[in-house]
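J.: pasted the sequence and its predicted model underneath.
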There are 2 protein chains.
Amino acid sequence: MSDRREFRDLASPERAREVVENLSIDPEPETVPLSEARGRVLAERVDATLDVPGFDRASMDGYAVQASDTIGASEADPVELPVAGTVHAGEEPAVTVQEGTAAEISTGAVMPPGADAVVVVERTDETDNGVAVRTAVTPGENVMVAGADIAAGARALGPGTELTAREIGLLSALGVDAVPVRGRPRVGIISTGDELVRPGETVDSAVGEIYDVNSYTIAAGVEEAGGEPVVYPHAGDDFTEMERLLHEAADECDLVLSSGSTSASAVDVIYRVIEERGDLRLHGVAIKPGKPMLVGTIGDAAYVGLPGYPVSALTIFRTFVAPRLRSAAGLAEPRTATVTGTMAVRERSQEGRHRLVPVGLVETTAGETLVYPVDKGSGATTSLVEADGTVTVDADTEYLAADERVTVTLFSPSVRPPTLLGVGEDDPTLSGLLDRLERPRYLPVGTREATRRLADGVPDVAVVSGPEAVPEDATILGSWEREWGLVVAPEASVAGLADLVDGEATFVNRERGSGLRASFDEALDALAADRGEEPAAVRSAIDGYELTTKAHESPPRRVRSGAADAGLGLASTAETLDLSFRSLGTETVTVLANPDRTAKPSVEQLADLLGEED
Amino acid sequence: MSDRREFRDLASPERAREVVENLSIDPEPETVPLSEARGRVLAERVDATLDVPGFDRASMDGYAVQASDTIGASEADPVELPVAGTVHAGEEPAVTVQEGTAAEISTGAVMPPGADAVVVVERTDETDNGVAVRTAVTPGENVMVAGADIAAGARALGPGTELTAREIGLLSALGVDAVPVRGRPRVGIISTGDELVRPGETVDSAVGEIYDVNSYTIAAGVEEAGGEPVVYPHAGDDFTEMERLLHEAADECDLVLSSGSTSASAVDVIYRVIEERGDLRLHGVAIKPGKPMLVGTIGDAAYVGLPGYPVSALTIFRTFVAPRLRSAAGLAEPRTATVTGTMAVRERSQEGRHRLVPVGLVETTAGETLVYPVDKGSGATTSLVEADGTVTVDADTEYLAADERVTVTLFSPSVRPPTLLGVGEDDPTLSGLLDRLERPRYLPVGTREATRRLADGVPDVAVVSGPEAVPEDATILGSWEREWGLVVAPEASVAGLADLVDGEATFVNRERGSGLRASFDEALDALAADRGEEPAAVRSAIDGYELTTKAHESPPRRVRSGAADAGLGLASTAETLDLSFRSLGTETVTVLANPDRTAKPSVEQLADLLGEED
């Protein structure tokens, strides 16, 4: 396709931002009930159409008087006035305050005719003949005159005001129950790709199906930016249907976002629709991730094509699209959209291309924010929760130095650094401990990688297990034992390690670097030594030794699904999943602390929990 | 009533906070669809129940190969392999990659049996016999193995996680479409007080009716704190109905809030209901505002009684109730709940009581935040939008010094200082100019007060008019003329000033300190001088001279409503409201800048707009 050539002439990020800013996506204003106005933005000025209060109003409980009658009154020499009647809030005064008289009055009540001031009840005494006033008041004292709060005709709230509880209060006071607000831009979301399945349905991994991540992620991002998302159904591999959906979305929405397609034919359909009904304004941006971003129009709707990988899609959405949605909705950029921090490690940038580097945040004991790159590859959806935002690196920057100050653009305004950053072994006891902490982040990278990262000083704690896992100078926070061995299908004839080596049973292993794997390899080495064989020979005799999985439950789950006869796992998992278990030993899981973070509250809390566990 | 005595034994704010924290208002968890989960908080841990990806997956477009077949391949010496077939994303591979062959593969596709690596398309060339591979790859290169993103059984998200776009992305990847979340506390809101009328209905000022401000304000505050407000109808003065509503709200909600009543009988009803069905745990707090705060239970529901005045009610709500609602909903305290700033002026504290002082914020040219007290009295609803939050002053603090650093608790997390703080005259041209600025705050305090405040250095600009309004050393930003005079009912026989003084026509004046009033008094003085009379005599001859109103449209609106024959006003208002006009002159409205703020962007923008206006 000829369009492919245009990728060679990539637009600068500044140009891309400008093109998106110039898209016409502003929705029509609408009128909403006051009870639904919170968070919306006034479309036009609201002037007061009445005086607040609408009448001269007592602002204290007490006695309405003519101020001139109280001249000279004092604690020592009160003035006594007959009480002509009472005025409550919410009633028309039935009494007139003549010279030399008073009327009892409640806060909020209408000042009776004749009265021009209120003496507060605390400065009066009831007497047999009326009231003794122990202080002099001036005209207007303790009275709020009509319109003193806001007067009819005055400017109350300007256009563009975001409505919080406070503005809703003032609108209530003015009697406004229908509010003219900026419309929310309607954003159609179309995910393309034959392999995508909606959450809740069943994926068939054999045919390469995966769940659609971008539709709901981008929909949530649209809501966060003040837009109204409309998620369209998948067209699957039916390109006629996909074309129809693009037309439908363009007719119904202010902006159409597509994402997810990696198939050339799907992209062809998008090009055709844009060519027929709109124009392509930008094709490809010199930025990583996001190179294949498309910007254009379809009919009256604006169109932006996002990359397929979730982290890339959310990054491009947040960098280019969300600001435009907020401006269309009339919302200000959130104050919490960025944080500044210090790079915890050096980050190279070989690319020569503008980069948005996904990063995670961790706080030091002193509350400073450290920033570290998250590089699981754009295809990993866990990066969505393991990264907190992105750092922008210019095309001509070679690297970010450790200790360099950087600004992080957060993925959502409400993102906050986790209270605890842990790395290491995957373990059921640990999962339970983590559940009792507030907002921890835990990366199950295994013992070997955890030890490396702890040495780099980035995480707060590292959880290690297996032979020789604990370095000599380690700061130990606590530990527990776990029994490990072979988790076996009830019908499989695997009584122990020897059966696995000598028999035909199929096996599922854990990955290198995990504590269980290290313990397992140690047990195999011992068996080989007993038999006088080469360790490599013993290992290769196991059918599935090279089939490795990442989480502690993964091998037992494969066993339960019938995919293997035995798997490396824990006694507790065998019990949970109702499988048989052949014990091969116990190992100690140890929580090591970053020596600089032992006084961090979350680390102290974890130490306390580990103490309870003992 | 005996209960009244307890007011003498006021609880400390710390004790009040503790009592509210101990209220049981935690709602049951619930399950919501993924599409509605944004902003909610996970009630329990979510573990992965499947591997992501569910299969070994090509992470680049290219050719699936056996890595061992590429050993030695280079740009200079490519390895040529026959292509056995193609695998697209979303389909089951129909091809097996035998030793010495390759299969074309798309990003996201299932790795075909036999293949263990992918060569990216950019490092290959199509040839007549297959594909020329120009680089060597290692096993696993450009392949994401099953479970590498997240493995079945691994901990995905912990309980208490607030769900943003990112977490929704991970839940999507796991196929989760129904999410167990913390419930939102249901909060019943009952406003008591005979005088209250719902916005949208008609108020009768003659009987002292006012619009209910607290119901919607507190409802919006409840939403901001993660609760679900239920606004109950007014009971009016029917105490049986009020009692019934309290019971109903207690049965239906986790927390019942009442506010607004100033009537002793209404309070009696609340006491009776609490005594019959629950217990009173706190009665009166040593804090201003908010002394009469009640805390207790009604049946299974918690109960808090808020003060009646809107600013007091919102302050007490935010200080004591909102944190408890957030903890019940599982939400963290918003990072933006407070800002720090510098007191712009000294603030005395005569009270000897813990105080929550309403304050406004204004930014200096350098972006520093200045804090100034807003004291319009708690009865003013405009304080809701003229104050941004509160500063807490201990009972034993005598005053806040000018330049003292203070922490401001904001009324809403999204509150931001206005871009411009203006004070002074109320004027239609000015209203239009303000509409063109982003988030200005304008306090229509009149010329005299504006001049005083500008001298104090707090506002950015002051808008003044009338004789001698512009000080000699003023920094003038711009000005315009306005024609003023008598706005007259069409049928009234008022041809000019003399008719007003000599005839029977009724009049509505503007308040002292406003520019129009100063111009009007000057005109009356000139008339008195012409006639050789005393100015006071001329003034007192006008029926309504002492009847003053606050906004520029107020006197004309009274004329239009038939309440007076003539009012002081502007030619433009007479035209807008379809009234007659008798010109008495023109006056200049001048915008003066705070000399320290002329470089503030909003001030510069206002100067530009004033330039256009000329």
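T.: Arrived safely.

J.: residue contacts, the closest residue to A:Y216 other than its chain neighbours?
T.: When the adjacent residues along the chain are set aside, A:Y216 lies closest to B:S172, with 4.7 Å between them (C-beta to C-beta, 6 or more residues apart in numbering or on different chains). In this view, the C-beta of every residue, glycine as well, is placed from N, C-alpha and C. Applying C-beta atoms under 8 Å, 6 or more residues apart in numbering or on different chains, one finds that B:S172 lies in contact with A:P199, A:Y211, A:D212, A:V213, A:S215, A:Y216, A:T217, A:T381, B:L34.

J.: identify, from these, the entry nearest to B:A89.
T.: Distance from B:A89 was checked for each of the contacts of B:S172 by C-beta to C-beta. The minimum falls on A:D212, at 12.7 Å.

J.: ok, now which ones touch the closest one?
T.: For A:D212, the contacting residues are A:S191, A:G193, A:L196, A:V197, A:R198, A:P199, A:H234, A:G260, B:S172, by C-beta under 8 Å, 6+ apart.

J.: show me chain A divided up by domain.
T.: If you go by automatic domain parsing, the domain ranges for chain A are A:2-26+A:184-329, A:30-52+A:149-181, A:57-144, A:336-417, A:428-613.

J.: so can I have CSV of those domains showing mean pLDDT and distance to B:T369?
T.: As requested, those are exported to CSV (pLDDT from 0 to 100; distance: least, C-beta to C-beta, whole Å):
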stretch, mean pLDDT, distance to B:T369
domain A:2-26+A:184-329, 87, 23
domain A:30-52+A:149-181, 94, 18
domain A:57-144, 94, 30
domain A:336-417, 87, 16
domain A:428-613, 93, 28
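
J.: if we can go back for a sec, tell me which of the contacts of A:D212 is nearest to B:T240?
T.: Of all the contacts of A:D212, the one sitting nearest B:T240 is A:P199; the distance, using C-beta to C-beta, is 51.4 Å.

J.: tell me, how many residues neighbour the residue nearest to the closest one when sequence neighbours are not counted?
T.: Sequence neighbours aside, B:D177 is the residue nearest to A:P199 in space, at 4.1 Å (criterion: C-beta to C-beta, 6+ apart). By the criterion of other C-beta atoms under 10 Å in any protein chain shown, B:D177 has 17 neighbours.

J.: got phi/psi on the residue nearest to A:Y216?
T.: Its backbone dihedrals place B:S172 at phi -60, psi -50, with angles given as degrees, to the nearest 10.

J.: can you name the residue of the stretch 101-250 of chain A nearest chain B?
T.: When you check the stretch 101-250 of chain A against chain B by C-beta to the nearest C-beta, the closest residue turns out to be A:G153, at 2.3 Å.

J.: is it true that that residue touches B:T549?
T.: No: applying C-beta atoms under 8 Å, one finds A:G153 not in contact with B:T549, separated by 9.1 Å.

J.: present the domains of chain A as TSV; the columns should include distance to B:T419.
T.: Supplementary listing: the domains of chain A in TSV, determined by distance: least, C-beta to C-beta, whole Å:
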stretch	distance to B:T419
domain A:2-26+A:184-329	16
domain A:30-52+A:149-181	10
domain A:57-144	30
domain A:336-417	18
domain A:428-613	34
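
J.: so which of those gets nearest B:G147?
T.: Judged by C-beta to C-beta, the one of the domains of chain A that comes nearest to B:G147 is domain A:428-613, at 5.1 Å.

J.: and that closest one, how far from the chain's centre?
T.: With C-alpha atoms, centre = their mean, to the nearest Å as the basis, the distance from the averaged C-alpha position of domain A:428-613 to the chain average is 32 Å.

J.: okay, now the residue nearest to A:N594 when sequence neighbours are not counted: neighbour count?
T.: Leaving aside its sequence neighbours, A:N594 sits nearest to A:D460 (C-beta to C-beta, 6+ apart; 5.4 Å). The local packing of A:D460 (other C-beta under 10 Å) involves 27 other residues.

J.: one more: A:H247?
T.: A:H247 is surrounded by 17 other residues when neighbours are defined as other C-beta under 10 Å.

J.: repeat for A:V121
T.: Around A:V121 there are 17 residues (other C-beta under 10 Å).

J.: again with A:R335
T.: In terms of burial, A:R335 registers 14 neighbours under the definition other C-beta under 10 Å.

J.: ok, A:V32 - contacts?
T.: Listed by C-beta under 8 Å, 6+ apart, the contact partners of A:V32 are A:R40, A:A178, A:V179, A:V181.

J.: ramachandran angles for the last one?
T.: Dihedral pair for A:V181: phi -130, psi 160, per degrees, to the nearest 10.

J.: wait, it sits on A:L42?
T.: Yes: A:V181 is within contact range of A:L42, at 6.2 Å (criterion: C-beta under 8 Å).

J.: tell me, what's touching the two both at once?
T.: By C-beta under 8 Å, 6+ apart, the residues touching both A:V181 and A:L42 are A:L163.

J.: who's in contact with A:P358?
T.: Under the criterion of C-beta under 8 Å, 6+ apart, the contact list for A:P358 reads A:V311, A:T315, A:P373, A:V374, A:D375, A:S383, A:A387, A:G389, A:T390.

J.: now do 7 Å
T.: Contacts here follow C-beta atoms under 7 Å, 6 or more residues apart in numbering or on different chains; on that basis A:P358 touches A:V311, A:V374, A:S383, A:A387, A:T390.
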